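Visitor: From the sequence below, what's the structure:
(chains A and B)
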Amino acid sequence: MHELSVCQGMLRQVGAIAADHEARAVTGITVRIGPLSGVEPELLAQAFPIASAGTVADGADLIIETLPVRVHCETCGEDSDAAINRLLCGSCGDYHTRLISGDELLLASVEMDTEREPARA
Amino acid sequence: MCDTCGCNITKGNQHLLTGDGKLSRVHEGTTAVSVLRGLLSENDHQAAHNREHFDRRGILAINLMSSPGSGKTALLEASIDALGDRYGIAVIEGDLETENDAERIRARGVRAVQIATGTACHLDAHMVHDAVHDLDLDGIDLVFIENVGNLVCPASFDLGQHRNVTLLSVTEGDDKPAKYPVMFRAADAVVLSKIDLLPVMDDFEPSRAERCLRDLASRAPVLRVAARKQADLGSWLTWLENEIASHRKRLEAGQTIRPAIQPDGMRLHSGG
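Guide: Below you'll find the predicted structure:
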């Protein structure tokens, strides 16, 4: 259960990006998570309102894109879908495979409110 | 569509809202930036700093991971007894509470720092950084980081080590690699511990454990040890000494190495 600390790490990055853009608020955050990253999307989604409370991303939408587990076989050269605990080549069954999708833990994009406050009279 | 709260964004339609999706346009006054950066980049930055610190001093750092009670501290004690007169060894211990493990290591005449994580279920690069500052590294060749006993969280955090070793004791199930794939995929070597108990653990089949590991596309060697009996340490000690020697060669060539942990994959895919 380390999703809260992962979420806090993400929010520090989001905070820095928002500051760079002089944003008033962050309205949306998109992350990409693979099943082999060790982070559970649902737990991250639950941690987000807690971790973001009082930050520039308070109230932002968290969009989590989950990615499929895919491997490339170094023996036969084929790419195939795989299960999280069975990363064998779907074509020839060999275990000399390399993961090409499924262990990502990425902050993909941030949407911010950058409209200036109206000038006071 | 409600553009303010995201109430109707579902798995079925979210692709329309992201990337080049046709609804990914933003309102005037809002800015969307694409970043593609690791969620743990702050931790990974600190980890790289820790690794540089070890490299500058010619030290090989090894992270030991396993469930609680699988024999990490016993493996350290046996390794110190076997190699302590030839290599300078120091240990960073991670537990929720107590100095017990650090005291066991210090009793062997080796420097040890205890990190008490409180309730945190893993070590992170910042905790290791602080511990390294409390540790005199003069004359040290090998630093072991004994992670919190946990087969889940420690696999996700780079600490600045060079190698990951995951222990699996024969008193656990031989299907642990299938049940905890993220952890076992992160192992550069798997130590099968307490093998002296195999005759009484008749439901643990080492070949089944290794097959579950190969199913994860892992090429990590499986090293059998009976650390408390100080027996069958040969393959483990050989692996360790080879790692120390290869790391010295790497450092002479101005290179370093990262363990088989998640960010390797992240780098591979971050462009796509």
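
Visitor: Return the residues in contact with the residue of chain B at minimum distance from chain A.
Guide: For chain B, the residue closest to chain A is residue B:29, as judged by CB to the nearest CB, at 3.1 Å. Yep, even glycine has a C-beta here, placed from its N, CA and C like the rest. Neighbour list for residue B:29: A:113, A:114, A:115 [criterion: CB atoms under 8 Å, 6 or more residues apart in numbering or on different chains].

Visitor: so which of those residues also contact chain B?
Guide: When contact is defined as CB under 8 Å from any CB of the partner chain, the contacts of residue B:29 meet chain B at A:113, A:114, A:115.

Visitor: Output these as a markdown table; include the columns distance to residue B:104.
Guide: Output for these, formatted as a markdown table (distance: CB to CB, whole Å):
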| residue | distance to residue B:104 |
| --- | --- |
| A:113 | 55 |
| A:114 | 56 |
| A:115 | 60 |
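
Visitor: Single out whichever of those has the smallest pLDDT.
Guide: Among the ones next to chain B among the contacts of residue B:29, residue A:115 carries the weakest pLDDT, at 80.

Visitor: ok, how many other residues are close to the closest residue to residue B:156 other than its chain neighbours?
Guide: Counting by CB to CB, 6 or more residues apart in numbering or on different chains, the nearest residue to residue B:156 once its immediate chain neighbours are dropped is residue A:38, at 3.9 Å. Residue A:38: 27 surrounding residues under other CB atoms under 10 Å in any protein chain shown.

Visitor: Which members of the contacts of residue B:29 are positioned in strands?
Guide: Counting by DSSP state E, these place residue A:113 in strands.

Visitor: What is the nearest of the contacts of residue B:29 to residue B:195?
Guide: residue A:113 (60.3 Å; CB to CB).

Visitor: List the contacts of residue B:57.
Guide: B:137, B:140.

Visitor: Tell me the spacing between it and residue B:123.
Guide: Distance of residue B:57 to residue B:123, computed by CB to CB, to the nearest Å: 20 Å.

Visitor: Identify the residue nearest residue 101 in space, chain neighbours excluded?
Guide: Assuming you mean chain A. residue A:70 (4.2 Å).

Visitor: meant chain B actually
Guide: Nearest to residue B:101 is residue B:93, by CB to CB, 6+ apart, at 4.5 Å.

Visitor: Find me the pLDDT at residue B:272, would you?
Guide: 38.

Visitor: Can you show me the helices along chain B?
Guide: Applying DSSP state H to chain B gives helices spanning B:14-17, B:41-56, B:72-83, B:100-106, B:125-133, B:176-179, B:181-185, B:206-214, B:234-252, B:263-269.

Visitor: what about residue 41, how many neighbours?
Guide: Since no chain was named, I'll use chain A. So residue A:41, with other CB under 10 Å, has 16 neighbours.

Visitor: I was thinking of chain B, sorry if that wasn't clear
Guide: Residue B:41, neighbours per other CB under 10 Å, totals 19.

Visitor: before we move on, the earlier item: now for the residue nearest to residue B:156: which residues touch it?
Guide: Residues near residue A:38 by CB under 8 Å, 6+ apart: A:2, A:105, B:152, B:153, B:155, B:156, B:182, B:262.

Visitor: try residue B:219
Guide: Residue B:219 touches residue A:96, counting by CB under 8 Å, 6+ apart.

Visitor: which of the contacts of residue B:29 are buried?
Guide: Buried by 16 or more other CB atoms under 10 Å in any protein chain shown: A:113, A:114, out of those.

Visitor: ok, so of the contacts of residue B:29, who is nearest residue B:258?
Guide: residue A:114 (37.0 Å).

Visitor: For the residue lying closest to residue B:232 once chain neighbours are set aside, list each beta-bridge partner.
Guide: In space, and not counting its chain neighbours, residue B:232 is closest to residue B:226: 4.8 Å by CB to CB, 6+ apart. As for beta bridges, residue B:226 partners with residue B:231 under DSSP bridges.

Visitor: Next, count neighbours for residue B:226.
Guide: 20.

Visitor: before we move on, what about residue B:147?
Guide: 30.

Visitor: what do you get for residue B:148?
Guide: 19.

Visitor: Am I right that it is in contact with residue B:127?
Guide: No: Residue B:148 lies out of contact with residue B:127 (CB atoms under 8 Å); the separation is 10.0 Å.

Visitor: Give me the common contacts of the two.
Guide: By CB under 8 Å, 6+ apart, the residues touching both residue B:148 and residue B:127 are B:94, B:117, B:120.
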